[in-house]
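Trainee: Sharing a sequence plus its predicted fold:
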Amino acid sequence: MKNLSIANHILSDVHYQASPHFNTRPTNTEINLLVIHCISLPAGRYGLPYIDDLFLGCLDCQADPSFADLKDVKVSSHILIRRDGEIIQYVPFNERAWHAGVSSFAGVDGCNDYSIGIELEGTDDSEFESAQYQSLIEVTRAIMQSYPKITLDKIVGHSDIAPGRKTDPGTGFDWSYYKSEL
Ligand SMILES: [Zn+2]
């Protein structure tokens with residue numbers, strides 16, 4: 001397994017694509033939360049360019065009928081992990097990516113301000129690939145080393161910080177395996 005490291009808030013040796021969808025975190029914000037998500041575009045179809053396009057702000061909303069809802073949607077995550085375990089970073093960790101939306105953790109709203117977001121290519125009701133877990137575990141270890149306020153209890157799903165609104169990463173995500181490897 002590769003040993004990932006972080007320099008200047010960017011993972012070494014991963015594919016980096018600069019998203020325009022980010023801004024500065026509030027002054028003196030400590031990064032102390034890691035949020036796990038899943039996404040696929042169209043839903044349940046993998047290996048296509050549309051997630052990149054969405055995060056990079058160049059999605060053709062006519063490419064699939066389901067994309068009509070995504071017109072003018074500006075979102076991003078720090079990291080995407082594809083089905084084969086490929087890792088792509090879009091936003092430096094010290095900057096505020098736009099992945100959580102309306103959210104709250106431990107009584108503090110606006111989780112984008114103080115969290116790092118990781119998207120797994122997948123759906124809310126199916127399982128993930130072992131290559132994805134391996135990459136996720138490596139990325140998480142590197143993040144926990146660089147941002148030590150992110151402890152095991154500060155790693156949550158999107159569904160935990162936006163209950164009733166979001167269900168990802170969903171029932172197919174194996175939290176106990178993931179956390180046991182950290
Ligand atoms: Zn999500």
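Mentor: Arrived safely. As the structure is a computational prediction, the values presented were derived from the model and not from experiment.

Trainee: Could I get the phi/psi values of Ile31?
Mentor: Main-chain torsions, Ile31, degrees, to the nearest 10: phi -80, psi 110.

Trainee: How many residues are close by it?
Mentor: If you count neighbours by other CB atoms under 10 Å, Ile31 ends up with 21. From N, CA and C alone the C-beta is placed, and that goes for glycine too.

Trainee: Confirm for me that it is in contact with Asp113.
Mentor: No. Look at Ile31 against Asp113 with CB atoms under 8 Å: they stay out of range, at 9.4 Å.

Trainee: Can you work out which residues contact both of these two?
Mentor: With contacts defined as CB atoms under 8 Å, 6 or more residues apart in numbering, the residues shared by Ile31 and Asp113 are Arg25.

Trainee: Can you give me every residue that contacts the residue nearest the centre of the chain?
Mentor: Residue closest to the average C-alpha location in the chain (CA atoms, centre = their mean): Ile118, at 1.8 Å. Counting by CB under 8 Å, 6+ apart, Ile118 makes contact with 34-37, 77-81, 136, 139-140.
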